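S.K.: The sequence and its predicted three-dimensional model are supplied below.
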Amino acid sequence: MEAVVILIMALLFFAFVGLGVYVTVKAVGAARRGVDRTIAQARRTVEDTTLKAKSYGQPGMGSELARLRLSLRTSMRATQEALTTGVTSDASLTESVALFERLSEYGHQLDDELRRLERDPDKERAADRIPELRERTEQVVSSADSLRWAVRDRAQKFADDDLASLSEQIRMESGALRHWAAVEPEPEQRDTARQPGATATPSQTWPRTAGTGPGAPEENSGSAAASAPQAITGRDPNRQPTYPWQKAPRPESTT
């Protein structure tokens, strides 16, 4: 029994140790990724600032190459952010993301080539390649911009459709909430109500009063019967009224 308890305690100890190691590795990995993202973002910010300064302050070939690199990087980064944000709510953008990944390969190659030309000591040969690189840069930027604006237009269209549907539902609900409003009578009903002598009293009364309903005599005949003299008849001794307090009459004796 003691051996079983010791074995269970050992297993629990190793399980806790393994869990602690796993959590530590995950935390270190997350911290390292966070540091790498921070460093990459800082490096990107420094490079963009340097390119802006070169594009405005350094005339000639250096300014043109810096302008091309800055345009390429800005367009590709904006398209990547739009796709990353849109694919979380629209799964149909998966194919667009795949196309952008292929475009990014050409973009990275072009950016590396532009960077090498900035450091190339042969300025004349580098200047000869600028028209070709400008055309390729414009083509990549145009493709990235087209993809980005298509994603934004799609998201805007869905938002407009949702807003229109929501507005229609609210309009219908508002009408349903006003069901207590008075209903205008039909034209035929208004004409009938305007006729002289027309009344709005119901044809039936409840409870039914004397002189109404099926089989009731007409008003003129009833008034004539009430005004006619009634005949006086004698009481029938066999139909004398009885009362609860009266005793039953005894039969007469024949003896």
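M.R.: Thanks, I have the structure now.
S.K.: Give me the average confidence score over whichever strand or helix holds residue 28.
M.R.: With elements taken from DSSP states H and E, the one containing residue 28 is helix 2-57. In this model, helix 2-57 has a mean pLDDT of 74.
S.K.: same question, stretch 128-138
M.R.: For stretch 128-138, mean pLDDT is 91.
S.K.: Run through the neighbouring helices and strands of the helix holding residue 28.
M.R.: When contacts are defined as 3 or more C-beta pairs under 8 Å, 6 or more residues apart in numbering; DSSP states H and E, helix 2-57 sits against helix 61-87. C-beta: built from backbone N, CA, C; applies to glycine.
S.K.: how big is the angle separating the helix it packs on from helix 2-57?
M.R.: Following axes from the mean of the first three to the mean of the last three C-alpha atoms, to 10 degrees, one obtains 140 degrees for the angle between helix 61-87 and helix 2-57.
S.K.: Could you tell me which residues within helix 61-87 count as buried?
M.R.: Neighbour-count burial for helix 61-87, counted by 16 or more other C-beta atoms under 10 Å, picks out 61-62, 64-73, 75-76, 79-80, 82-83, 86.
S.K.: And the next helix or strand past that helix?
M.R.: Past helix 61-87, the next helix or strand by DSSP H and E is helix 94-119.
S.K.: how much does that following helix deviate in direction from helix 2-57?
M.R.: 60 degrees.
S.K.: next SSE after helix 94-119?
M.R.: Next helix or strand after helix 94-119 toward the C-terminus (DSSP H and E): helix 123-128.
S.K.: ok, residues contacting that following helix?
M.R.: Residues from elsewhere that reach helix 123-128 (C-beta atoms under 8 Å, 6 or more residues apart in numbering): 61, 117, 120.
S.K.: Can I get the residues you listed in CSV including pLDDT?
M.R.: Formatted as CSV, those follow (pLDDT from 0 to 100):
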residue, pLDDT
61, 79
117, 88
120, 82
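S.K.: Pick out whichever of those sits closest to residue 133.
M.R.: Distances from residue 133 to the contacts of helix 123-128, taken as C-beta to C-beta, are shortest for residue 117 (7.3 Å).
S.K.: which residue packs closest to the closest one, ignoring adjacent ones?
M.R.: Computed as C-beta to C-beta, 6 or more residues apart in numbering, the closest residue to residue 117 that is not its neighbour in sequence is residue 126, at 4.6 Å.
S.K.: ok, that neighbour - how many residues close by?
M.R.: Look at residue 126: counted by other C-beta atoms under 10 Å, it has 18 neighbours.
S.K.: And it, how close does it get to residue 64?
M.R.: 10 Å (C-beta to C-beta, to the nearest Å).
S.K.: and residue 103, what is it in contact with?
M.R.: Neighbours of residue 103 in contact, by C-beta under 8 Å, 6+ apart: 76, 140, 143, 144, 147.
S.K.: One more pass at 10 Å, please.
M.R.: 76, 79, 140, 143, 144, 147 (C-beta atoms under 10 Å, 6 or more residues apart in numbering).
S.K.: Distance to residue 16 added to the residues you listed, as TSV?
M.R.: TSV is the format used below for those (distance: C-beta to C-beta, whole Å):
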residue	distance to residue 16
76	47
79	47
140	53
143	54
144	51
147	50
